[in-house]
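A.B. asks: fold the following.
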Amino acid sequence: PPSPGRRPAPVQPRRAGGSAMPMDKGVQRAWAITDGLDHWHTLDLKKQHYMFEVWRSYRSRCNNFWLAEAENDDLLQAHEDLKGAIGRCRRRIEGGGNHVSIFGPCHEEILDLWRKCKQAARVPEEETAVEAATSSVAGSRHAW
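C.D. replies: Below you'll find the predicted structure:
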């Protein structure tokens, strides 16, 4: 069960000189998901299936972009990369890796590949900006 109160600040790795190294986007996503889950550190089956559906929608839409432009090799590669990442992440999560520290980096990788797919399909920037605002899983507890 979650512990009461606020989570501790994430520990940022330090360089030899003592300056902070940049935080990995996947780790940031994992902390955001933890916050959105009221500090639960695992995703139950309902939450896993919800996220798998989100990922499946990205894959399906990328596939539709590619079908509309079958001669676009960059789009084909983006689709294959997205499909591969979704498969790897899903197997890892279903195999007991339902902790947000695994899910966060997976979700970040999938979001990056989804963006590459949209770029290869030349999706207008306005649509990309709207989706970026709604792609934060942890931003809304109502989605869970």
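
A.B. asks: surely Arg92 touches Cys106?
C.D. replies: Yes: Arg92 is within contact range of Cys106, at 6.9 Å (criterion: Cβ atoms under 8 Å). C-beta here means a position set from N, CA and C on the backbone, and glycine is covered the same way.

A.B. asks: more neighbours: which of those two?
C.D. replies: Set side by side, Arg92 and Cys106 show more neighbours around Cys106, with 22 against 14, by other Cβ atoms under 10 Å.

A.B. asks: same question for the more buried one, what's its three-state structure.
C.D. replies: Following DSSP: H, G, I helix; E, B strand; the rest coil, Cys106 is assigned to helix.

A.B. asks: max-length helix in this protein?
C.D. replies: helix 45-68 (DSSP state H).

A.B. asks: and the contacts of that helix?
C.D. replies: Contacts to helix 45-68, defined as Cβ atoms under 8 Å, 6 or more residues apart in numbering, come from residues 37, 43, 72, 75-76, 78-79, 82-83, 86, 89-90, 93-94, 98, 103, 107, 110, 114, 117-118, 120-121, 123, 137, 143-144.
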